[in-house]
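Trainee: Need coordinates for the following:
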Amino acid sequence: MKEIPDLKLAKIVERANEKWGIGVNFTKAYRARSKAFDMADGSFREQYTRLYDYAHELLRSNRESSVCITAQPYHGGEEDLENPAAVFSPHFQRMYVCFKGCKESFFKCRPIIGLDGCFLKGYYGGQLLSAIERDSNDQMLPIAIALLEGETKESWKWFLKQLIADLGGPGLCLTYTFISDQQKVNNFHLFNFSFKLIFSLM
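Mentor: Model (predicted):
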């Protein structure tokens, strides 16, 4: 699993047959792969259930920081209600973190914010959005990060709304320059979207 994270079930069945001469069905191969993932990276499901504990610990050890977690309610049909093994708890959707130290450092830097996103290649996937700044030593300074379900207009809006609230509100954010993809000129669509969002919050 560590060498080939996207190992296909058919390959597991084939290797089991070649190496041990036994026939394994796809259900057993799926269960074996899931257990191997948990052994290699720890149980993702258990880690997600501890997110609120992690958020409380961040706020305890970094007072006046911002941490926001949202969850999706369970969506299922009536057939799921009759299944005793069905899980009805809400699912993780988004998480935003802005440390107080990073926030205060930003106010002592140039008012230029770089926005970028990258794909997460873990078991559940998703997108990591970040707002960064260059400090007086010309080093990268992270202002805020967010873990989201994907890079959509709605997720960007949610991230920018949290960021604007942390950086002094819409009025002050109108004086900042937003840059995407490390370009020297503002990405028009993202800038226009940020500008409209700031005005809508005023």
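Trainee: which SSE is Trp156 in?
Mentor: helix 153-166 (DSSP states H and E).
Trainee: Repeat that for Ala55.
Mentor: Going by DSSP H and E, Ala55 is in helix 51-61.
Trainee: what's the average pLDDT for that helix?
Mentor: Averaging pLDDT along helix 51-61 yields 91.
Trainee: Give me the contacts around it.
Mentor: Ser65, Val67, Ile69, Phe92, Met95, Val97, Phe99 (C-beta atoms under 8 Å, 6 or more residues apart in numbering). Quick note: C-beta positions are derived from backbone N, CA and C, even for glycine.
Trainee: Likewise for stretch 103-121?
Mentor: Residues from elsewhere that reach stretch 103-121 (C-beta under 8 Å, 6+ apart): 5, 65-66, 125-136, 141, 143-144, 147, 151, 163, 166-167, 175-182, 190.
Trainee: Please repeat the previous calculation with a cut-off of 7 Å.
Mentor: The contact list for stretch 103-121 (C-beta atoms under 7 Å, 6 or more residues apart in numbering) reads 126-136, 141, 143, 151, 166-167, 175-182, 190.
Trainee: Also stretch 10-17?
Mentor: Residues from elsewhere that reach stretch 10-17 (C-beta under 7 Å, 6+ apart): Ile22, Gly23, Val24, Phe26, Ala29, Ala32, Arg33.
Trainee: Go through that stretch and flag the buried ones.
Mentor: Ile12, Val13, Ala16 (16 or more other C-beta atoms under 10 Å).
Trainee: max-length helix in the chain?
Mentor: helix 26-41 (DSSP state H).
Trainee: For that helix, output the C-alpha coordinates as PDB.
Mentor: What follows is helix 26-41, C-alpha atoms only, in PDB (Å, rounded to 0.1, in the frame of the first residue of the first chain):
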ATOM      1  CA  PHE A  26     -13.200  -9.000  -4.700                       C
ATOM      2  CA  THR A  27     -15.000  -8.600  -1.300                       C
ATOM      3  CA  LYS A  28     -12.100 -10.200   0.600                       C
ATOM      4  CA  ALA A  29      -9.600  -8.200  -1.500                       C
ATOM      5  CA  TYR A  30     -11.400  -5.000  -0.700                       C
ATOM      6  CA  ARG A  31     -11.400  -5.800   3.100                       C
ATOM      7  CA  ALA A  32      -7.700  -6.700   2.900                       C
ATOM      8  CA  ARG A  33      -6.900  -3.500   1.100                       C
ATOM      9  CA  SER A  34      -8.800  -1.400   3.700                       C
ATOM     10  CA  LYS A  35      -7.000  -3.100   6.600                       C
ATOM     11  CA  ALA A  36      -3.600  -2.600   4.800                       C
ATOM     12  CA  PHE A  37      -4.500   1.100   4.400                       C
ATOM     13  CA  ASP A  38      -5.200   1.400   8.100                       C
ATOM     14  CA  MET A  39      -2.000  -0.400   9.000                       C
ATOM     15  CA  ALA A  40       0.100   1.800   6.700                       C
ATOM     16  CA  ASP A  41      -1.500   5.200   7.500                       C
END
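Trainee: Please identify the buried residues of that helix?
Mentor: Ala29, Arg33, Phe37.
Trainee: ok so, going back, are any of the contacts of stretch 103-121 buried, and which?
Mentor: 126-127, 129-133, 141, 143, 166-167, 176, 178-180, 190.
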